[in-house]
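Trainee: Following is a predicted model, sequence given first.
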There are 2 protein chains.
Amino acid sequence: MEIGMRNRFAFIGGSSGRWRVTSMQSVRGDGLVAVSHVDVLTVLSVPTGPLPAWRIDGQISNLRYATRTEVGALRSKQEPLGRAHSQVAAMIPIRKTAAWWDLAQDERRAVFEDASRHTAIGMRYLPAIARQLYHSRDLGEPFDFVTWFEFGTADTPAFDDLVGLLRATPEWEFVEREVEIRLELQP
Amino acid sequence: MEIGMRNRFAFIGGSSGRWRVTSMQSVRGDGLVAVSHVDVLTVLSVPTGPLPAWRIDGQISNLRYATRTEVGALRSKQEPLGRAHSQVAAMIPIRKTAAWWDLAQDERRAVFEDASRHTAIGMRYLPAIARQLYHSRDLGEPFDFVTWFEFGTADTPAFDDLVGLLRATPEWEFVEREVEIRLELQP
């Protein structure tokens, strides 16, 4: 049980935490209860105590669409979360439609990359915009994924471009719920 | 939370249950504690009470490798679990190696189908051998999957053929733990 649990994280919205919320926006579908802070903890280190406003769990897992060529390109350019200059972050929980999950693997890949250039678009913003995907759907959460982005304050316009490009893709026609939370690191 | 939880099942080994164990075999790696019975319940309906000998949870999820053509062929031939004549079953929990999970999607697909014909082999035994895959890896379980097969007693030799063919494929070089449990329905 333990190996997998070490890769499972809880995104906790409440009145305290390492990240201060600077904005919350319901991009599509229902939003989340407004909170002032978000914490990201491994599920094994979530403290007991009063329930937070909300909690979304996500699991770091294997990549679902990237080819070997793409994995190589990503790994050569990307940088990890937690960089000293990454003073701002964005948390984007997303749920896709039943129609998306009914697609076969080749159809999802065709929408994700051939039509939408999801990986190619993200790659343009590396290493400035660091990102980590967490899978929530198979955990029974109300979102399918949480993507967590970290970057320097000066790269905020680049991040705005990145999410704007992704939301204009055919892939986003399969997004039925999306919330965007911007954050800054507590001093 | 509830929608996902309805697709999550617990495989419970103990001294009672709907399925009686007729054999348990450690195919590769560590086995499981010997039990006389197995129950398969949705996680929401697992009774409280004494802990069973073991419990493995698995989630019904989207197909990871099948193309639209393959999905169509599968759906046209396969039959569900729970058929009246399916008096015997097999439960096969499997864990794959870290090397498997480090592969990119195109590499896993190439091993799974192009080299190993996993779907094509299974298709030959439809509709006689009904099967359901449950995903366990992202739940933090010690196995990555549980596959549950159901068939009539007369189809036992066909099932033996099926697992024999799969174990001889290149895909099985990535299997580091496999247990096979044969069962029969309680009268």
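Mentor: Nice, thanks for sending it over.
Trainee: who in chain A is up against chain B?
Mentor: Neighbours of chain B within chain A, by Cβ under 8 Å from any Cβ of the partner chain: A:1-5, A:8, A:59, A:61-68, A:70-71, A:101-107, A:109, A:135, A:137-142. C-beta: built from backbone N, CA, C; applies to glycine.
Trainee: Buried among these? Need that as a selection in ChimeraX.
Mentor: Entered in ChimeraX, the line below selects the buried ones among the residues of chain A next to chain B, by 16 or more other Cβ atoms under 10 Å in any protein chain shown:
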select /A:4,8,59,61,62,63,65,66,67,70,71,103,104,105,106,109,135,137,138,139,140,141,142
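Trainee: buried sites along the longest helix seen in chain A?
Mentor: Longest helix in chain A, counting residues (DSSP state H): helix A:156-167. For helix A:156-167, the buried set under the neighbour-count rule, 16+ other Cβ under 10 Å, comprises A:159, A:162, A:163, A:165, A:166.
Trainee: again with stretch A:107-126
Mentor: A:108-113, A:116-119, A:121-122, A:125.
Trainee: In helices, which of the residues you listed fall?
Mentor: Going by DSSP H, the helices hold A:108, A:109, A:118, A:119, A:121, A:122 from the buried residues of stretch A:107-126.
Trainee: beta partners of residue A:132?
Mentor: residue A:148 (DSSP bridges).
Trainee: surely it meets residue A:81?
Mentor: Yes. The pair formed by residue A:132 and residue A:81 meets the contact definition of Cβ atoms under 8 Å, at 5.6 Å.
Trainee: hey, what's in contact with both of those two?
Mentor: residue A:148 (Cβ atoms under 8 Å, 6 or more residues apart in numbering or on different chains).
Trainee: Let me see the ranges of the strands in chain A.
Mentor: A:8-14, A:19-28, A:37-42, A:54-59, A:88-96, A:130-135, A:145-151, A:175-185 (DSSP state E).
Trainee: Contact partners for residue A:7?
Mentor: For residue A:7, counting by Cβ under 8 Å, 6+ apart, the contacting residues are A:59, A:60, A:61.
Trainee: How many residues are close by the second one?
Mentor: Counted by other Cβ atoms under 10 Å in any protein chain shown, the residues lying close to residue A:60 total 14.
Trainee: show me what contacts it?
Mentor: Contacts of residue A:60 (Cβ under 8 Å, 6+ apart): A:7, A:8, A:9, A:132, A:133, A:134, A:135.
Trainee: ditto for the last one
Mentor: Each residue near residue A:61 by Cβ under 8 Å, 6+ apart is listed here: A:7, A:135, B:137, B:138.
Trainee: ok, so of those residues, who is nearest residue A:41?
Mentor: residue A:7 (12.8 Å; Cβ to Cβ).
Trainee: Give me the distance between the nearest residue to residue A:184 once chain neighbours are set aside and residue A:125.
Mentor: Spatial nearest neighbour of residue A:184, chain neighbours left out: residue A:88 (5.0 Å); criterion: Cβ to Cβ, 6 or more residues apart in numbering or on different chains. Distance of residue A:88 to residue A:125, given as Cβ to Cβ, to the nearest Å: 14 Å.
Trainee: Residue ranges in chain A under the pLDDT threshold?
Mentor: Where chain A drops to pLDDT under 70, the residues are A:1-4.
Trainee: what sits against the most centrally placed residue in it?
Mentor: Taking Cα atoms, centre = their mean, the centroid of chain A lies closest to residue A:147, which sits 0.4 Å from it. Taking Cβ under 8 Å, 6+ apart, we find residue A:147 in contact with A:91, A:92, A:94, A:131, A:132, A:133, A:134.
Trainee: For the residue lying farthest from the centre of chain A, grab phi and psi.
Mentor: Ranked by distance from the centre of chain A (Cα atoms, centre = their mean), the top residue is residue A:49, with 26.2 Å. For residue A:49, the backbone dihedrals (degrees, to the nearest 10) come out as phi 140, psi -160.
Trainee: Is residue A:156 in contact with residue A:89, as I believe?
Mentor: No. Residue A:156 lies out of contact with residue A:89 (Cβ under 8 Å); the separation is 10.8 Å.
Trainee: The buried residues of helix A:156-167 into TSV, with extra columns for distance to residue A:40?
Mentor: Below are those laid out as TSV (distance: Cβ to Cβ, whole Å):
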residue	distance to residue A:40
A:159	18
A:162	20
A:163	19
A:165	25
A:166	22
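Trainee: Just name the closest of those residues to chain B, please.
Mentor: Chain B has its nearest neighbour among the buried residues of helix A:156-167 in residue A:166, at 19.3 Å by Cβ to the nearest Cβ.
Trainee: Test my guess that that closest one contacts residue A:124.
Mentor: No. Residue A:166 lies out of contact with residue A:124 (Cβ under 8 Å); the separation is 11.3 Å.
Trainee: From the chain's centroid, how far away is stretch A:147-160?
Mentor: Between the centre of stretch A:147-160 and the centre of its chain there are 12 Å (Cα atoms, centre = their mean, to the nearest Å).
Trainee: same thing with stretch A:88-96?
Mentor: 4 Å.
Trainee: And the contacts of it?
Mentor: Contacts for stretch A:88-96 (Cβ under 8 Å, 6+ apart): A:11, A:19, A:22, A:29, A:32, A:38, A:56, A:136, A:142-153, A:156, A:159, A:163, A:174-185.
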